[in-house]
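J.: fold the following for me, if possible:
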Amino acid sequence: MGHDICGYNQAGEEIAYLRFSMGNGHASIVYGVLDADEYNGGVSGTGSSSSFSMQQMEKALNEYQKFWKINKIPESEFVKWEIKQIQDFLSICMLAAEKEGNVRVCFS
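T.: Numbering: from 1, shown residues only. Modelled structure (predicted):
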């Protein structure tokens, strides 16, 4: 079990991907900044997807960055890597939504 969160462009191509184990708290943070808690099935995503505008993705990225300005980033190299992966995911999806009008994110 785990959380697979994928971003897709208008052509249906996967452009961004995140993977979390079922106990990883960073998955909950991603659901939260995307205002997508209804897609969080606890041990995995619900299997549903939603479209996000550029403004929604920009807001999510800003909230995520603000979260880490308020909270101390752990010293673990893995956690630092994971934080960067999430920022990259949100940025890639934001750019796709800016270019194409929206981006589809699947939560499984």
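
J.: which helices and strands sit right next to the longest helix belonging to the chain?
T.: Of all segments of type helix in the chain, defined using DSSP state H, the longest is helix 77-100. Under the contact criterion of 3 or more CB pairs under 8 Å, 6 or more residues apart in numbering; DSSP states H and E, the helices and strands touching helix 77-100 comprise strand 2-8, strand 14-21, helix 25-33, helix 54-70, strand 103-107. For every residue, glycine as well, the C-beta is placed using N, CA and C.

J.: buried sites along that helix?
T.: Buried residues in helix 77-100, counted by 16 or more other CB atoms under 10 Å: 82, 83, 86, 89, 90, 92, 93, 94, 95, 96, 97.

J.: next one: phi and psi at residue 73?
T.: Dihedral angles of residue 73 (phi, psi; degrees, to the nearest 10) stand at phi -70, psi 130.

J.: measure it to residue 26 for me?
T.: When distances are taken as CB to CB, to the nearest Å, residue 73 and residue 26 turn out to be 12 Å apart.

J.: among the helices and strands packed on helix 77-100, pick out the one with the most neighbours on average.
T.: Scoring these by mean neighbour count under mean count of other CB atoms under 10 Å gives strand 103-107 as the most buried, with a mean of 23.

J.: tell me the contacts of the residue nearest to the spatial centre of the chain?
T.: Per CA atoms, centre = their mean, the C-alpha nearest to the average position across the chain is that of residue 30, at 4.6 Å. Contacts were defined as CB atoms under 8 Å, 6 or more residues apart in numbering; by that measure residue 30 touches 3, 5, 18, 20, 64, 86, 89.
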